[in-house]
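J.: give me a model of this one.
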Amino acid sequence: MRKKGFLIATSAGFAAAAMPGAQAADMPIKAPRYIEPAANWAGWYIGAHAGAVWQNTQADTVTQPYGFSIGNTSASKTGFIGGGQIGYNWQNGNFVFGLEGDISGLSGKTNTGLPFYDAVLESRIRWLSTVRGRFGLAVGNTMAYMTAGVAIGGVKNSINLLSSPYSGSSSSTKVGWTVGGGVEHMLNRNWTIGLEGLFVDLGKSSVATVGNFKTTRFSNQAVIGRVKLNYKF
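T.: Numbers count the residues shown, from 1 in each chain. Sure thing, here's the model as predicted:
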């Protein structure tokens, strides 16, 4: 009888000791914070773009052969830009690396008068192509990125002396640089839409009037804002 009572008491003690562990096992475990994985941006894509371009020109005119400055002016003009692009992306987790090339046609040209002279200075970037690297951070279906690279453009500059036949113009292909950034969103597995801004500097070019009486040195710059639509393969 004593042995039976001892066994009952011992069993009850073990049961009581096991209950806190059982209760702890039944407590809910806090789930880790959910981070939305990035969509798949890797691979080739091709698309089109359209937007606005603000062409900016600074011009310094000097007399020849003495080199005295007779006027330093600046002008800007808003126009249209449109064209196409092709690129390729690599992806590592949420980080996206890519290369993109594009070509665009531009409208509009800057023009300004030359102080104290009956003259008009004109400048225009007629076409533009860029080859750029891209570095982006993707969260879910949206990616923000920075971009920079080489810019190549067809530039036309001219100085028109209205009261004289001695005018001059120059058309050339200039090589410069570009930098910018943008945001791109994946509409579905194949289509993306984005907004991009670029600053382009194609360097300087010189135009001499007939007879080399005056030489004008032009800067060729542009600020671009455009919408892009891409098809991803």
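
J.: drop to CA atoms for contacts and neighbour counts, all remaining ones
T.: Noted.

J.: for the top strand by length along the chain, buried residues please.
T.: Secondary structure of the chain per DSSP state E: the longest strand is strand 69-92. Residues of strand 69-92 classed as buried by neighbour count (16 or more other CA atoms under 10 Å): 71, 73-89, 91.

J.: kindly report the same for stretch 136-145.
T.: Buried residues in stretch 136-145, counted by 16+ other CA under 10 Å: 136-139, 141-145.

J.: which members of these are the farthest-apart pair?
T.: Using CA to CA, those reach their maximum pairwise distance at N141 and Y145, which is 13.3 Å.

J.: next structured bit after the longest strand of the chain?
T.: Using DSSP states H and E, the helix or strand that directly follows strand 69-92 along the chain is strand 95-106.

J.: show me the contacts for the nearest residue to A75 once chain neighbours are set aside.
T.: Sequence neighbours aside, T57 is the residue nearest to A75 in space, at 5.4 Å (criterion: CA to CA, 6 or more residues apart in numbering). T57 makes contact with 74-76, 110, 123, 218-221, according to CA atoms under 8 Å, 6 or more residues apart in numbering.

J.: among these, which one lies nearest to K232?
T.: The closest of the contacts of T57 to K232 turns out to be Q221 (CA to CA; 31.3 Å).

J.: A strand includes the closest one, no?
T.: Yes. Counting by DSSP: H, G, I helix; E, B strand; the rest coil, one finds Q221 located in a strand.

J.: mind listing the residues bridging to it?
T.: With DSSP bridges as the criterion, Q221 is bridged to N56, D201.

J.: please look at it and D201 and confirm they touch.
T.: Yes. Under the criterion of CA atoms under 8 Å, Q221 makes contact with D201 at 4.6 Å.

J.: in the chain, where is pLDDT below threshold?
T.: Judged by pLDDT under 70, the chain has its weakly predicted residues at 1-36, 64-68, 210-213.

J.: rerun that using 50 as the cut-off
T.: Low-confidence regions of the chain, defined by pLDDT under 50, span residues 1-25, 27.

J.: in it, which spans are helices?
T.: 2-26 (DSSP state H).

J.: next one: N72 from T215, what distance?
T.: According to CA to CA, to the nearest Å, N72 stands 12 Å off from T215.

J.: which neighbours do these two have in common?
T.: What both N72 and T215 touch, as defined by CA under 8 Å, 6+ apart, is the set T61.

J.: quick check: closest non-adjacent residue to V155.
T.: I125 is the one closest to V155 (CA to CA, 6+ apart), at 4.5 Å.
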